[in-house]
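Undergrad: Sequence and predicted structure, then a few things I'm wondering about:
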Amino acid sequence: QGITAGGVKQLCDDHLRAAEEHLAAIRALRGAPPETLTYAATLGRFDDAVLEVNSAGDFPYLMGVAHPDAAVREAARLCEPKVDRFTTAMWLDADLAAVLQAYAQTGEAREALKGERARLLADVLRDFRRNGLSLPPDRQQRLRDVNEQITRIGQEFMANLSASTGSIEIAPASLQGLPKEYVAKHPPKANGKVEISTDYPDFFPFVTYAKDRKAALDLYVLFTNRGGEKNVKLLERLLALRSEKARMLGYKSWAEYAIEPRMAKTSGAVRAFLDQVKAALKEPAKAEFTELMKEHVRLGGKPTDRLPPSERYFLEDRVRASKYQFDSQALSAYLEIGAVKQGLMDITARMYGLEYKEVPANAWHPDVTAYEVRSDGKAIGKFYLDLYSRPDKYKHAAMFAVRTAKRLADGSWQTPVAALECNFPKPGAQPALMSHEDVVTFFHEFGHVLHHLLTRSELASYSGTSTVRDFVEAPSQMFEEWAWSREVLDLFAKHHATGERIPDDLFQAMTRARGFGRALATQRQLTLASIDLELHTREPGFDTTLVVEQAQRANESFVFVKGTHLQSSFGHLITYDAGYYGYQWALSLSRDVLTRFKQEGLLNPAVARAFRDEVLAKGGGVEAGDLVARFLGRPPSHNAYLAYLQGKE
């Protein structure tokens with residue numbers, strides 16, 4: 001059920017109805033004698049409702065971005081506002097809150113509640129406050145309206161972005177520099193021109209390899225402006241609504257409100273962290289930019305030219321080729337997608353003691369495959385792989401929860417289900433060869449899949465990746481390191497025609513070239529984090545494009561391209577609001593965690609088991625800093641990350 005438009009609607013409605021039954025049962029205990037207020041009847045039941053709310057939203061959300069049928073996508077998108085309305089009402093439910101507050105005063109709650117159950121009680125009481133329970137009725141009604149508008153605008157922004165594909169038309173000669181597979185996939189049309197779109201599989205190779213840099217800049221402008229003026233206006237309305245909501249709840253800005261429950265706690269701590277990163281990058285970024293400028297001049301440019309961001313990919317690739325003798329296209333010949341997928345599964349099976357068994361997918365598209373995951377002979381979960389690009393599909397790579405794990409009321413364990421949505425090249429008459437960046441992305445996203453599947457948290461509220469925003473990327477970013485290891489690559493990276501492993505000189509060139517460009521790439525991330533933080537800190541009514549321009553000038557070596565408005569295509573502003581810094585914050589944690597893996601071995605099953613048990617299995621049920629400290633045997637530190645940024649690891 002759930003793959004037809006009617007099925008998706010019914011699935012959403014059925015789970016919300018079940019959630020409401022749990023909440024009604026808790027509400028009915030208002031005014032009941034304290035001895036009847038047990039964990040199972042109150043807080044435990046609340047987590048049962050959380051599971052149903054997750055189930056109502058997760059699969060429809062996936063269908064809204066991945067199903068090939070527009071009617072199903074539309075029906076699925078209608079579910080999200082229903083789930084959000086339900087959640088808003090739940091947090092503004094005075095009867096529900098009264099019962100949970102009364103339970104918090106009982107002897108059981110004060111003395112017997114431990115671990116993640118105690119954490120859940122504290123978090124739930126905090127979240128009632130953060131969701132406006134103490135507001136007077138008229139302000140609560142306004143809050144409901146604001147929440148609905150925030151959801152609706154966010155959906156519209158993301159739908160515009162998914163549907164927004166720009167393209168340029170060029171003469172076939174402008175394909176010079178591109179891989180032959182790319183050229184073969186882009187024959188001239190009837191008018192003799194070749195069409196190149198802003199979709200990832202078209203865009204990134206073109207800006208990286210095309211010798212026609214004017215066409216690359218034109219494509220970059222279209223890519224950056226996806227979503228159009230329409231999304232700029234939607235975003236500005238959204239920022240005003242978020243600001244209003246934050247002030248209504250007693251916070252200075254949305255950034256203060258959003259960051260409070262995360263690891264960083266305050267926007268001041270985030271700014272201090274970003275400043276630390278900026279300072280660490282100053283010299284390495286300057287050195288890298290000087291190298292790129294030399295290459296630009298060598299290719300006939302002037303030393304006074306001001307380079308747009310589209311030149312970063314191209315010039316870095318050229319420097320890697322000339323200075324480090326690294327040919328990224330030559331490496332792709334060893335990265336056939338089927339072999340990479342198999343290798344990824346073999347490695348994670350070996351590390352974590354897992355078995356993967358392909359099972360019939362019966363999924364939303366014929367390309368989708370499904371795997372059951374077993375550990376110690378028991379089925380512990382399942383995941384779907386939806387790896388290839390197609391029209392009307394989510395344009396990035398991401399893990400989506402399909403089902404949340406939880407210990408159910410009858411004591412049985414509900415296993416988790418995940419789906420991985422990617423946009424990799426599809427095998428056809430030609431083998432599908434991945435760029436190494438795509439392989440790194442695949443490892444990253446599979447890190448999220450493992451986090452979701454290896455959870456042992458008893459509570460839906462803390463299952464798998466249900467952890468704080470500035471920690472959730474750490475396990476996935478950490479796993480990227482495996483895609484750079486000789487020992488790991490030798491297990492699957494074989495030449496698609498000869499079966500040979502990556503030659504030593506190519507591997508060494510890749511390793512030497514890896515560090516090059518890191519400082520400039522991190523500057524870019526710093527720009528995005530600063531834009532996100534700034535947009536969510538200012539009083540509404542400002543020019544968002546000006547903020548983008550100022551952030552780029554303050555943090556980057558490349559110039560702002562007039563006429564671009566990056567914010568219209570920056571989907572994380574909707575989903576990671578005031579949280580984009582979390583990528584770098586989590587990267588800092590992941591570099592710290594890696595210190596133990598590097599010391600004891602990336603494929604060492606004992607270390608992997610400790611990571612599985614101490615970090616992945618706990619989900620969000622333990623303070624993230626404590627998880628890292630337990631695994632490392634010391635408090636977390638930014639030192640490994642700052643050394644990594646400066647190439648001193």
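TA: Looks like it came in fine. Numbering: from 1, shown residues only.

Undergrad: what bits of the stretch 1-150 of the chain have low per-residue confidence?
TA: Flagging of the stretch 1-150 of the chain using pLDDT under 70 yields the residue ranges 1-2.

Undergrad: Just the mean pLDDT for the longest helix anywhere in the chain, thanks.
TA: When every helix of the chain is counted residue by residue (DSSP state H), the longest turns out to be helix 267-298. The pLDDT scores in helix 267-298 average 96.

Undergrad: And that helix, what does it pack against?
TA: helix 254-259, helix 310-322, helix 518-535, helix 582-600, helix 639-645 (3 or more C-beta pairs under 8 Å, 6 or more residues apart in numbering; DSSP states H and E). C-betas here are computed from N, CA, C, even on glycine.

Undergrad: ok, and what's touching the helix or strand residue 343 falls within?
TA: Following DSSP states H and E, one finds residue 343 within helix 337-352. Surrounding helix 337-352, the residues in contact under the criterion C-beta atoms under 8 Å, 6 or more residues apart in numbering are 354-356, 371, 375, 385, 387, 424-425, 427, 432-434, 439, 442-443, 446, 450, 454, 482, 488, 491-494, 496, 603, 605, 608-609, 612.

Undergrad: in the stretch 301-450 of the chain, which spans are strands?
TA: Secondary structure of the stretch 301-450 of the chain by DSSP state E, counting those that start in this stretch: the strands cover 354-359, 369-375, 378-388, 398-403, 406-407, 413-414, 417-424.

Undergrad: Looking at the ones you listed, spot the one closest to residue 255.
TA: strand 398-403 (23.9 Å; C-beta to C-beta).

Undergrad: among the contacts of helix 337-352, which ones are buried?
TA: Under a neighbour-count criterion of 16 or more other C-beta atoms under 10 Å, the subset of the contacts of helix 337-352 counted as buried comprises 354, 356, 371, 375, 385, 387, 424-425, 432-434, 439, 442-443, 446, 450, 454, 482, 488, 491-494, 496, 608, 612.

Undergrad: Settle this for me: residue 332 is touching residue 180, isn't it.
TA: No. With the criterion set as C-beta atoms under 8 Å, residue 332 and residue 180 do not qualify as a contacting pair; they are 11.3 Å apart.

Undergrad: so which strand or helix has residue 58?
TA: helix 43-66.

Undergrad: hey, C-alpha coordinates of that helix in PDB?
TA: Taking only C-alpha atoms (Å, rounded to 0.1, in the frame of the first residue of the first chain), the coordinates of helix 43-66 have been written out as PDB:
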ATOM      1  CA  LEU A  43       5.400   9.000  28.200                       C
ATOM      2  CA  GLY A  44       5.700   5.600  26.600                       C
ATOM      3  CA  ARG A  45       2.400   6.100  24.900                       C
ATOM      4  CA  PHE A  46       3.500   9.600  23.700                       C
ATOM      5  CA  ASP A  47       6.500   7.900  22.000                       C
ATOM      6  CA  ASP A  48       4.000   5.400  20.400                       C
ATOM      7  CA  ALA A  49       2.300   8.500  18.900                       C
ATOM      8  CA  VAL A  50       5.600   9.800  17.700                       C
ATOM      9  CA  LEU A  51       6.200   6.600  15.800                       C
ATOM     10  CA  GLU A  52       2.800   6.900  14.100                       C
ATOM     11  CA  VAL A  53       3.400  10.500  13.200                       C
ATOM     12  CA  ASN A  54       6.800   9.500  11.700                       C
ATOM     13  CA  SER A  55       5.000   6.700   9.800                       C
ATOM     14  CA  ALA A  56       2.400   9.100   8.500                       C
ATOM     15  CA  GLY A  57       5.000  11.400   7.000                       C
ATOM     16  CA  ASP A  58       8.200   9.500   6.100                       C
ATOM     17  CA  PHE A  59       7.100   7.300   3.200                       C
ATOM     18  CA  PRO A  60       4.800  10.000   1.600                       C
ATOM     19  CA  TYR A  61       7.700  12.500   1.900                       C
ATOM     20  CA  LEU A  62       9.900  10.000  -0.100                       C
ATOM     21  CA  MET A  63       7.100   9.500  -2.700                       C
ATOM     22  CA  GLY A  64       6.700  13.300  -3.100                       C
ATOM     23  CA  VAL A  65      10.300  13.500  -4.400                       C
ATOM     24  CA  ALA A  66      10.900  10.100  -6.000                       C
END
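
Undergrad: following that helix, which helix or strand shows up next?
TA: The C-terminal neighbour of helix 43-66 among helices and strands, as given by DSSP H and E, is helix 70-77.

Undergrad: now that next one and helix 43-66, what's the angle there?
TA: Orientation check (axes from the mean of the first three to the mean of the last three C-alpha atoms, to 10 degrees): helix 70-77 against helix 43-66 gives 150 degrees.

Undergrad: Excluding covalently adjacent residues, which one is nearest to residue 482?
TA: In space, not counting the residues next to it along the chain, residue 482 is nearest to residue 488; the distance is 4.8 Å by C-beta to C-beta, 6 or more residues apart in numbering.

Undergrad: Next, the one you found: secondary structure please.
TA: For residue 488, the secondary-structure state derived from DSSP: H, G, I helix; E, B strand; the rest coil is helix.

Undergrad: Please name the residues that touch the residue positioned nearest the centre of the chain.
TA: By C-alpha atoms, centre = their mean, the chain has its centre lying nearest to residue 398, at 5.9 Å. By C-beta under 8 Å, 6+ apart, the contact set of residue 398 is 420, 421, 445, 448.

Undergrad: Look up which residues are beta-bridged to the second one.
TA: Following DSSP bridges, residue 421 is listed with bridge partners residue 386, residue 398.

Undergrad: Pull the number of nearby residues for it.
TA: The burial count assigned to residue 421 is 21, neighbours taken as other C-beta atoms under 10 Å.

Undergrad: Equivalent analysis for the first one, please.
TA: Using other C-beta under 10 Å, the number of residues around residue 420 comes to 19.

Undergrad: For it, give me the pLDDT.
TA: Among the per-residue scores, residue 420 shows a pLDDT of 98.

Undergrad: How is the protein divided into domains?
TA: Domain assignment for the chain, taken from automatic domain parsing, gives 5-134, 165-224.

Undergrad: For burial, what's the neighbour tally of residue 327?
TA: Taking other C-beta under 10 Å as the neighbour definition, residue 327 ends up with a count of 16.
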